[in-house]
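Novice: Can you look at this prediction? I've put the sequence above it.
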Amino acid sequence: MQVHNVELTISAVRADQYPSGDQPEIAFVGRSNVGKSSLTNVLINRRNYAHTSSQPGKTQTLNFYHVEDQLYFVDVPGYGFAKVSKKERERFGRMIEAYLTKRQQLRGVVLLVDARHQPTDDDVTMYNYLKYYQLPTLVVGTKSDKLKPSQLARAKKTIEKTLDLDRKTGLVMFAAPTKRGQDAIWQWIEKMC
């Protein structure tokens, strides 16, 4: 999809703040600093619309981006960051769980994992959670531009094996600088919507 119009509609912390209407939503989840903002910026054809941060745990709300007046991208707070208090983590957890399990407009979830490393225990837990709730999921291996071509296939196998991906779950290797994987991710999003 060629994106010309995008607007950050709301940064929400409660269900009553979510956008009204029945337009489809795609959620982006992953641990802090995995590259959610970079992926979002590539998909919406903007440089710094979704803000990237060197400080893990910066996103503390559900950010709803209205794309082409047709659908919403929902940037979910990252998990696995250590600098946030246990109480804050629990609050994020409740907010994220309520959104993922109760939002009727949610059509699919893009789970981002760092392609350079084996998926973390938190990544495995999140994937199993999405599978349990039967949420259509696309796994995206980010930062794949940092891998040599000879390492890509091995990284892909490691992700597949560690997460124990089922047949319904797609896997795309993504690189923000080269936009590798962008078309495949958009195809999945359009199919879900």
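Specialist: That came through fine.
Novice: Tell me which other helices or strands the top helix by length along the chain touches.
Specialist: If you go by DSSP state H, the chain has its longest helix at helix 86-102. Contacts defined by 3 or more C-beta pairs under 8 Å, 6 or more residues apart in numbering; DSSP states H and E place helix 86-102 against strand 25-30, strand 62-67, strand 106-114. C-beta: built from backbone N, CA, C; applies to glycine.
Novice: any idea of the mean pLDDT in the next helix or strand after the longest one?
Specialist: Counting by DSSP states H and E, the next helix or strand C-terminal to strand 106-114 is helix 121-132. The average of the pLDDT scores along helix 121-132 is 95.
Novice: in helix 121-132, what's buried?
Specialist: Buried residues in helix 121-132, counted by 16 or more other C-beta atoms under 10 Å: 122, 123, 126, 127, 129, 130, 131.
Novice: can these go into TSV with extra columns for distance to residue 38?
Specialist: Below are the buried residues of helix 121-132 laid out as TSV (distance: C-beta to C-beta, whole Å):
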residue	distance to residue 38
122	19
123	17
126	19
127	21
129	24
130	21
131	25
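Novice: Kindly indicate which of those residues lies nearest residue 34.
Specialist: Residue 34 lies nearest to residue 123 out of the buried residues of helix 121-132, by C-beta to C-beta, at 8.7 Å.
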